[in-house]
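In: Predicted structure and sequence below. I'll ask about it afterward.
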There are 2 protein chains.
Amino acid sequence: MSAPKLLLVEDDTALAELVEYRFRGEGYDVRTTDDGDEALLLAAEDTPDLVLLDWMIGGTSGIEVCRRLRRNKSTAHVPIIILTARSDEDDRVRGLETGADDYVTKPFSPRELIARVGAVLRRVRPALAGETITVGDLALDPTAHRVTRCGQAIKIGPTEFRLLRHFMEHPGRVFSRGQLLDAVWGSGSDIELRTVDVHIRRLRQAIAIPGAADPVRTVRSAGYALEGV
Amino acid sequence: MSAPKLLLVEDDTALAELVEYRFRGEGYDVRTTDDGDEALLLAAEDTPDLVLLDWMIGGTSGIEVCRRLRRNKSTAHVPIIILTARSDEDDRVRGLETGADDYVTKPFSPRELIARVGAVLRRVRPALAGETITVGDLALDPTAHRVTRCGQAIKIGPTEFRLLRHFMEHPGRVFSRGQLLDAVWGSGSDIELRTVDVHIRRLRQAIAIPGAADPVRTVRSAGYALEGV
DNA sequence: GTCCGGCGTCACGACTGCGTAACAAATGGC
DNA sequence: GCCATTTGTTACGCAGTCGTGACGCCGGAC
């Protein structure tokens, strides 16, 4: 597995510690802040896989954090779960309108929250929830770090693994070299665009089997895509 | 044999005797107290594998026992099942927030409780629920602290034993060095990451037999895994 | 006290795989 | 068909990672 990174924004210290403890126990990598502005900074410097966002916090209000997360390119698609003491419909609607993916009303049990987080992650990033993804004759098990094609194991390097995993999480979609660098190498990496080509080649070589078509498609002057289905 | 140790904290003597009787019949090792403070003492001197905790007891309240168990390092990860006469949501949430793993409302049938205990133990400590764990040609008896490969006994040190046990509880799964430190050495340990490598080596050496493949897989830049099945 | 097993750390070496550059091939526009 | 652009392929130096042996330390046995 690759320890999904959570960002917890919560100003009730006791609750924050409890949630952090339980999620660590579930194998998550949790970072906590009680301040909205700091949350945006933390999210920008190391993009989390999911944000748990208290509705009422100091600094910036939850709804504002939500909006600003969405506005920033690197965090635009990070799923957000709102935690709130209020339970009225208005807030729930406003939260979901702002782009939240789920909504948990306090008081909640950690188990419930864990279940919700799992559900959202499974929906958005199946591999993060530890499920094996299958695209065509390819299968990738994120927890075992193992790739098979037509049932037989594939020897694959770390970078190619992450590259393939990213493709398999979005089958059929075309990614530019820049997008791949952001997603696979990290948004801060200062790598030549052409380096992607080389790793695409290495990936192709790794997953090649005689008599089968190459599932990695080159889209000229656009990027690469994994053949869906 | 693996006799999981239960600590029952219950001030209703009749109920306590009944539960104790039934669990002994299931092969559990049960100790009982009706006092919260004594429970903490008993738990500290001989860490149980699971605590059955009545919500309303003399001495210290259930929720307080729960908290103090969590606070103590040696008992921080012991699963707790709350027994309570109340059934209102508030208490349920408070119990789970305090770190309880499950919740059984009185009156309950002993069979239900036994099932719940089994479920929790299976989830938290697979090695405790069954006899010995077997992965491939390896067998590990958690209570006897004994490891065999292909039937022949293996001499293995304490740390390597815990390491192997953790691997065998999650066969095939890749663990980073940090995760292994948390799981095997304890989450508070301040140990060099590379120390894991050394113990991996010692484990490999211990379980090596001529002509058989090494079941410990190195996943470059990710961690280690035990070859599943 | 001595002995001893086991633990944590370090240093060295081997090796993997990464990023880049340079060249070859392919593609598309005209 | 020709040229410019884009992509495929190969080779290479280098940084990072891992395996391994050695060492000092500590705690328990005796």
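Out: Received, thanks.

In: Give the next helix or strand downstream of the lowest-mean-pLDDT helix or strand in chain A.
Out: Scoring the helices and strands of chain A by mean pLDDT, DSSP states H and E places helix A:89-97 at the bottom, with a mean of 58. Using DSSP states H and E, the helix or strand that follows helix A:89-97 in sequence is strand A:102-105.

In: Ramachandran angles for the residue in chain A that DNA strand D sits nearest to?
Out: Residue nearest to DNA strand D within chain A: A:Thr218 (3.7 Å; Cβ to the nearest atom of the strand). Where C-beta positions appear, they are placed from N, C-alpha and C, glycine not excepted. With angles defined as degrees, to the nearest 10, A:Thr218 sits at phi -90, psi 130.

In: Would you mind measuring from the closest residue to it other than its chain neighbours to DNA strand C?
Out: Nearest residue to A:Thr218, sequence neighbours excluded (Cβ to Cβ, 6 or more residues apart in numbering or on different chains): A:Tyr224, at 6.0 Å. A:Tyr224 sits 14 Å away from DNA strand C, going by Cβ to the nearest atom of the strand, to the nearest Å.

In: and the helix or strand containing A:Tyr224, which strands flank it?
Out: A:Tyr224 belongs to strand A:223-226 when elements are defined using DSSP H and E. Within its sheet, and counting by DSSP bridges, strand A:223-226 is paired with strand A:174-175 (antiparallel), strand A:216-219 (antiparallel).

In: which parts of stretch A:200-214 are buried?
Out: Buried residues in stretch A:200-214, counted by 16 or more other Cβ atoms under 10 Å in any protein chain shown: A:Ile200, A:Leu203, A:Ala206, A:Ile207.

In: quick check, nearest of these to A:Asp49?
Out: A:Leu203 (22.9 Å; Cβ to Cβ).

In: what does stretch A:52-71 contact?
Out: A:6-12, A:19, A:34-40, A:43, A:51, A:75-76, A:78, A:80-86, A:91, A:94-95, A:98-100, A:113, A:117 (Cβ atoms under 8 Å, 6 or more residues apart in numbering or on different chains).

In: which of those are buried?
Out: Buried subset of those (neighbour count, 16+ other Cβ under 10 Å): A:6-10, A:12, A:19, A:34-36, A:39-40, A:43, A:51, A:75, A:78, A:80-84, A:91, A:95, A:98-100, A:113, A:117.

In: And the pLDDT at the spatially most central residue of chain A?
Out: For chain A, the residue nearest the mean C-alpha position is A:Asp49 (3.9 Å; Cα atoms, centre = their mean). At A:Asp49, the pLDDT value in this model is 86.

In: Now for it: which residues touch it?
Out: A:Asp49 neighbours (Cβ under 8 Å, 6+ apart): A:Pro4, A:Lys5, A:Leu6, A:Val78, A:Pro79, A:Leu121, A:Arg125, A:Leu128.

In: Would you double-check that the third one falls in a helix?
Out: No. Secondary structure assignment places A:Leu6 outside any helix; it is strand (DSSP: H, G, I helix; E, B strand; the rest coil).

In: Next up, the contacts around it.
Out: A:Phe23, A:Tyr28, A:Asp29, A:Val30, A:Arg31, A:Pro48, A:Asp49, A:Leu50, A:Val51, A:Leu52, A:Val117.

In: what does the fifth one give?
Out: Under the criterion of Cβ under 8 Å, 6+ apart, the neighbours of A:Pro79 are A:Asp49, A:Leu50, A:Val51, A:Asp101, A:Asp102, A:Val120, A:Leu121, A:Val124.

In: Next up, identify which helix or strand A:Arg123 is on.
Out: helix A:110-124.

In: same deal with A:Ile200?
Out: Judged by DSSP H and E, A:Ile200 forms part of helix A:194-207.

In: Let me know whether that helix sits next to DNA strand C.
Out: Yes. Residues of helix A:194-207 contacting DNA strand C under Cβ under 7 Å from any atom of the strand: A:Arg194, A:Thr195, A:Val198, A:His199, A:Arg202.
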